[in-house]
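*Asks:* show me how the following folds:
(chains A, B and C, ligands or ions: 4)
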Amino acid sequence: MSGGNYYVPDSSRYPIFAATSLFFLVMGAGGTINGTDNGTTVLYLGFICMTLTMFFWFRTVVQEHLAGLDSAQLKKSYVFGMAWFIFSEVMFFAAFFGALFYVRTFAVPWLAGEGEKGAPIEFVQEMGVDFWTGFENTWPVIATPDNGSEYEIADKTMAFPGWSNVLAWLPLWNTIILLSSSVTVHFAHLGLKNGSRKSFNRWLGATVGLAVIFLGLQAAEYYEAYAHYGLTLNSGIYGSTFFMLTGFHGFHVFLGCCMLSVMLVRSVFFNHFETHDHFGFEAASWYWHFVDVVWVMLFFFVYII
Amino acid sequence: MTNVRNLICTFKTQFIVIAFALSSQLSAEWDALNMTKGATEISREVYDLHMLIFWICVAIGVLVFGVMFYSMYAYTKKKNPVAATFHESTKVEIAWTIIPFLILIAMAVPASKTLQTMYNDEAGDINIQVVGYQWKWQYRYLEDDVNFFANLTTDLDEIYNKVPKGENYLEEVDEMVVIPVGKKVRFLITANDVIHSWWVPAFAIKQDAIPGFINTAWTIVEEPGIYRGKCTELCGKNHGFMPIVVKAVEQNEYDSWIAEKQAAAIAMAELTEKDWTAEELVARGEALYTTNCVACHQVNGQGITGIFPALAGSEIVMNDKARNIEILMEGVQGAAMNSFSYLSEVEMASVITYTRQSWGNAQNGDGEIVAPKDIVEYKKNKI
Amino acid sequence: MSAVIENHHNEHDHHGPAKGLKRWFYTTNHKDIGTLYLWFSFAMFLIGGAMAMIIRAELFQPGMQIVEPEFYNQMITLHGLIMIFGGVMPAFVGLANWLVPMMIGAPDMALPRMNNLSFWILPFAFFVLLSSLFMEGGAPNFGWTFYAPLSTTYAPPSTTFFIFSVHIMGASSIMGSINVIVTIMNMRAPGMGLMKMPLFVWSWLITAYLLIAVMPVLAGAVTMMLMDIHFGTSFFNAAGGGDPVLFQHIFWFFGHPEVYIMILPAFGIVSHIIETFSRKQLFGYSSMVWAMLSIAILSFVVWAHHMFTVGMPLAAELFFMWSTMLIAVPTGVKVFNWIATMFKGSITFETPMLFACAFVVLFTLGGFSGLMLAITPADFQYHDTYFVVAHFHYVLVPGAIFSIMAAVYYWIPKWTGNMYDERLGRLHFWLSFIGVNVTFFPQHFIGLAGMPRRVPDYALQFADWNMVSTAGAFLFGFSQVFFLFIVVKTVMGGKQATDQVWEGARGLEWTVDSPAPYHTFSVPPKVS
Ligand code: HEA
Ligand code: HEA
Ligand code: CUA
Ligand SMILES: [Cu+2]
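*Replies:* Numbers count the residues shown, from 1 in each chain, chains lettered A, B, ... in the order given. Ligands and ions are numbered 1, 2, ... in the order given. Below is the predicted model:
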């Protein structure tokens, strides 16, 4: 179809199905967390509906594309749409990074009686009121400064273990794996551009493989943290920021992994994607690069400093 | 529904009354409608800033709206059938960017200066730790070992319109914060549960009380008098009902007040030794229950379904004396039920005994009382 | 770009809507979706307004009369949330849906199916939010700003549902703004350069960027709340090394841009209306664009002016005071440009123009009080009093809400093909104008005199003006029921509107039929 036409899709039932599924999802999630009757049932229902809706919706989009219905303009709309969606994800992570920076530069020193707002705390302590006595401005803050702390005291952290142990340090391997997966996905892209489906499939397969390994190692790390290090979501602000940042990142890796797998299936089984026309894959690879960049930030701010 | 009908009725009459009242009192009460000048140097500076900005805004408003109203009047289609065609002028646009900017600088300079003075947080002659609780204030005179709570004293019947409202409706407490005039008093403000905010307009002090952190504010009050303020951060159900009353007095009066407070603390300690009967404890406990517990557990001990458990018929209150003491002393982690360990031993014993003896709890449960000695014992074991 | 609307895999005609309920559930048409948004927001406005009436009725006299404090707190929380997220924002999205494609010469929004999704999320989100009223422990009761730890450790169980409803509202807003951005960047008629776009389109482009930047941050904030409540983290809990004030920083990083999200589209609307009824080209088009851009950029660095009393270090207080004051400059430029447009114009005062003029005056009043609030030492006295309530209702009600009403009067002939009843429109305006001032002007006084906000009961010295305010509120409320009547009457019928509708109107939307065809531009118009 020629490039200059507007494409306005027919009315569609998918959006309202998606909205309804979302409704089930949140009612179910809320119910599950609050322990109301049937919460989990509704949650599963929502989850299934959502997956189905997304499957059919995306299938329609792919079919429209294959039928040549979408114009160059619409493709550009998808490109812009994806780009700004990724930007919104960046801002979501910014909230958590912001929280990390804030507690490290302000809240923790203040609690320890240092910095501009710390002075009165020391003053009050001098006057015989115990206010976070003995709390020190160190990072990581793993236990609560509160004396009546019921939290488990973690005896180790995931932070940089020093040069002697660096090779046994899991996050380093994870970094290497994730960085290489960004490279392999790029090679896949090059393969596609050069018209080699074989190379595309291979490299893309490798990327998905690396993603799965990353997720596996991440799970192992969490297991270590909970089972051996006593580091949990309850471990003070360090546990909070550590698990929220790595957790949401891991979740995004999982999403990216799903996207890439779908692309792989589409290419291997359906021969989708042309040398000059493969935005579906490109979108997934952008997302993958984004996830990668977030990890680099994480590695630096959460693990190293 | 009667409520609504009453409301509409009063609406009519009151509105007429008000309309009259307003016209005659407007000028006299103008000051009451503006920000207070307050009782300290700082509060006057703040007032002056407020008025300065206000008048600048009025002036700009007169100018801007003047041109606007003139245009609306003089350039109607009737008077000016054909509009002019100009639609930009770099010169004018630069002017009306620069001039407001300069005006803003003129405002920012004095404002920044005042702020700097307010931020001087060296220790005061007197240092008082202020702690916000749901829904009362604790005051702790750090140098003098004086420590008390201030609760709202306005009667529930006044609030629910059953009796006429008193003069200081919602602005009265059982214990005022007493400070001497002419001395630098520093407040170290924090909170125990949620965020509160300690505001006394006459001192131009408003500082948030944040659990876990300490904020400071200071004042030097010039005139003896009673100054009233309020909690100004939404802190739950009774946020509107936790006033602040500060009484500024001459130094000698202040000294004797401190002495009196300290003597009272000693007398209280002696009471702890005494052997108490259930009736004595219940009698004391009722008032304490009203000030400390009804906000959540309600007068009839029924609580509020889903948020605050009922004490009437509670297994703990009826049969588990040890846990009952522990809950009151330690609070319940992660719930609104805070520790009440700041109550004296006598007070603690009375309020627990009151709950254990009321609402049929004594008949349905073991009926045991908690004596001040039990509390002393509990504290000893903890250490 | 040659252009025909493709008619694919369906024989039935694209140019008319489907019939019945399916039309509304399945639609991908920007006008249908715009209509859905507008009606939805109006419904929310009535619900939020009814809550405001409960608030005002309780405050009519000192003492507790109608509701209990617990319920009062739920009312202010839901009132704030519903008005902002359910009333103003969807109304602006609805206007964007209707107008942006028409103004830039596009057949529809760029991503029509996603457009439908972002609408239909909203009714569900607000159903979840409102259903919390009937849950054990009641609805959220911690104010629309939901400060931790009142909203975490001390919150009712329904908070979980509140959090999830905010999540999906956020998803809806993000999808909506992506759609707006993509439409504007990608679907403009040939020849329409950025600096030729109508100001409403510009204002929405900027708003959409603000939304994409801050809605995810809000989602992050509520997620942290959720974790603190249910999963033992301590982001907002000092006992674990966190800080309740951290919540406020994150919230207001979202919250302040949010208030400009609610006013920038209003700026766009008012610019069009003043231009039309002054019969004179808008003064300073490019400075209008630059002013909006500066406001948007500055809005990211002023957030802590809501937190002057939390005890920030002096340097931070000074920084946030100065940056906040700076916003007066670009906003002033806009006000001056509007007035310069009217100056030497040839003005008539139809209803939209009446609302626009009231907007300019009353919004500026609200801006002045905003500037007073920005002065940190003075804010120590104003903060959390009715002075703040007066400030933000002045910028929101005669600001955002008036601009929406002005827009409805201005474009409804184009939407429905019928003229509204001018006499009734003016009556509605005057009732609203009087009502809004009687309601909110006295709140400046009670605020300065020392009445805190978010209290169900107050000391006796505030009684008189509260009574006046309540009287005004009911007047204003009833006049909005009247507005509903006028709109319904216009939809049902009325004098046939011409295509041009208003003598001085400029812009592509006035070149098409009234009512506008289902797909406005099947052929992109040439823009010179
Ligand atoms: C549409 C919404 C909107 C808009 C546009 C604004 C605009 C502004 N707001 Fe407002 N604000 C709110 C909505 C809005 N606000 C809300 C909802 C809250 C309360 C939130 C809560 O706590 O619940 C709030 C609270 C709020 C506070 C916190 C108060 C407190 O809690 O203590 C402050 C403090 O600085 C502030 C400042 C300002 C300023 C400086 C502007 C400026 O943008 C105004 C600029 C405009 C002008 C100044 C007028 C026109 C200019 C001229 C004519 C030029 C010449 C003028 C001069 C040089 C003076 N606002
Ligand atoms: C866009 C936003 C918006 C809008 C339009 C409004 C509109 C109104 N607001 Fe609201 N308001 C907020 C945003 C808004 N508000 C926010 C953010 C807060 C802070 C919340 C917090 O503290 O967390 C607040 C808080 C707030 C308070 C302070 C509560 C407190 O601090 O204790 C008050 C009190 O007077 C008030 C009043 C009103 C009134 C009378 C209207 C009127 O304009 C409403 C008029 C509309 C109607 C009345 C609906 C139409 C009529 C009907 C449905 C028929 C039934 C009507 C009758 C019986 C008369 N609002
Ligand atoms: Cu304490 Cu409000
Ligand atoms: Cu703001």
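*Asks:* now for the residue of the stretch 251-400 of chain C at minimum distance from chain A, how many residues are close by?
*Replies:* At 4.2 Å from chain A, C:P313 is the closest residue in the stretch 251-400 of chain C, using C-beta to the nearest C-beta. All C-beta atoms are positioned from the backbone trio N, CA, C, and that covers glycine. When neighbours are defined as other C-beta atoms under 10 Å in any protein chain shown, C:P313 has 14 of them.
*Asks:* separation between it and A:T105?
*Replies:* Look at C:P313 and A:T105: by C-beta to C-beta, to the nearest Å, they are 11 Å apart.
*Asks:* now do the contacts for the nearest residue to C:L365 once chain neighbours are set aside.
*Replies:* Distances taken as C-beta to C-beta, 6 or more residues apart in numbering or on different chains place C:Y394 nearest to C:L365, at 5.5 Å, with adjacent residues excluded. Applying C-beta atoms under 8 Å, 6 or more residues apart in numbering or on different chains to C:Y394 gives the contacts C:362-363, C:365-366, C:369, C:440.
*Asks:* one more pass at 6 Å, please.
*Replies:* Neighbouring residues of C:Y394 by C-beta atoms under 6 Å, 6 or more residues apart in numbering or on different chains: C:362, C:365-366, C:440.
*Asks:* how about B:I325?
*Replies:* Residues in contact with B:I325 (C-beta under 6 Å, 6+ apart) are B:Y378.
*Asks:* mind running it again at 8 Å?
*Replies:* Contacts of B:I325 (C-beta under 8 Å, 6+ apart): B:348, B:352, B:370, B:374-375, B:378.
*Asks:* now the residue of the stretch 251-400 of chain C closest to chain A: closest residue in space that isn't a chain neighbour?
*Replies:* A:E116 (4.2 Å).
*Asks:* repeat for C:M419
*Replies:* C:K495 (4.2 Å).
*Asks:* shouldn't that neighbour be in contact with C:T416?
*Replies:* No. At 11.1 Å, C:K495 does not count as touching C:T416 under the criterion of C-beta atoms under 8 Å.
*Asks:* neighbour-wise, which of the two wins?
*Replies:* Taking other C-beta under 10 Å, C:K495 and C:T416 do not tie; C:T416 has more neighbours (20 against 13).
*Asks:* for the more buried one, give its distance to ligand 1.
*Replies:* C:T416 sits 28 Å away from ligand 1, going by C-beta to the nearest ligand atom, to the nearest Å.
*Asks:* go on, C:G255?
*Replies:* From C:G255 to ligand 1 the distance is 7 Å (C-beta to the nearest ligand atom).
*Asks:* repeat that for A:Y44.
*Replies:* Counting by C-beta to the nearest ligand atom - A:Y44 and ligand 1 are separated by 38 Å.
*Asks:* just the buried positions in the helix or strand harbouring that residue, please.
*Replies:* Under the criterion of DSSP states H and E, A:Y44 resides in helix A:39-66. Across helix A:39-66, burial judged by 16 or more other C-beta atoms under 10 Å in any protein chain shown covers A:39, A:42-43, A:45-46, A:49-50, A:53, A:57, A:61, A:64-65.
*Asks:* with stretch C:285-302 instead?
*Replies:* In terms of neighbour count (16+ other C-beta under 10 Å), stretch C:285-302 has its buried residues at C:285, C:287-289, C:291-292, C:294-296, C:298-299, C:301-302.
*Asks:* put the alpha carbons of that stretch into PDB.
*Replies:* Only the C-alpha atoms of stretch C:285-302 are listed here, as PDB (Å, rounded to 0.1, in the frame of the first residue of the first chain):
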ATOM      1  CA  TYR C 285       1.800  34.400  19.500                       C
ATOM      2  CA  SER C 286       5.400  33.300  19.800                       C
ATOM      3  CA  SER C 287       5.900  34.800  23.300                       C
ATOM      4  CA  MET C 288       2.800  32.900  24.300                       C
ATOM      5  CA  VAL C 289       4.500  29.600  23.200                       C
ATOM      6  CA  TRP C 290       7.700  30.500  24.900                       C
ATOM      7  CA  ALA C 291       5.800  31.500  28.100                       C
ATOM      8  CA  MET C 292       4.100  28.100  28.200                       C
ATOM      9  CA  LEU C 293       7.400  26.300  27.700                       C
ATOM     10  CA  SER C 294       9.100  28.300  30.500                       C
ATOM     11  CA  ILE C 295       6.200  27.600  32.800                       C
ATOM     12  CA  ALA C 296       6.400  23.900  32.100                       C
ATOM     13  CA  ILE C 297      10.200  23.800  32.600                       C
ATOM     14  CA  LEU C 298      10.100  25.900  35.700                       C
ATOM     15  CA  SER C 299       7.400  23.700  37.100                       C
ATOM     16  CA  PHE C 300       9.900  20.900  37.700                       C
ATOM     17  CA  VAL C 301      12.000  22.900  40.000                       C
ATOM     18  CA  VAL C 302       9.500  24.500  42.400                       C
END
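*Asks:* now that stretch: mean pLDDT?
*Replies:* The average pLDDT for stretch C:285-302 rounds to 96.
*Asks:* that stretch and ligand 1, any residue contact?
*Replies:* No. Applying C-beta under 6 Å from any ligand atom, one finds stretch C:285-302 separated from ligand 1 by no less than 7.0 Å.
*Asks:* same check on stretch C:389-407?
*Replies:* Yes. Counting by C-beta under 6 Å from any ligand atom, ligand 1 has neighbours in stretch C:389-407: C:391-392, C:395-396, C:399-400.
*Asks:* also stretch B:98-108?
*Replies:* Yes. Legend: contact between stretch B:98-108 and ligand 1 by C-beta under 6 Å from any ligand atom is shown at B:100, B:103-104.
*Asks:* now go through those residues and say which are in helices.
*Replies:* Filtering those for membership in helices, criterion DSSP state H, returns B:100, B:103-104.
*Asks:* and which of the residues you listed is nearest ligand 1?
*Replies:* Nearest to ligand 1, judged by C-beta to the nearest ligand atom, of those is B:P100 at 3.5 Å.
*Asks:* ok, that closest one touching C:A328?
*Replies:* Yes. Between B:P100 and C:A328 there is a contact under C-beta under 8 Å: 6.1 Å.
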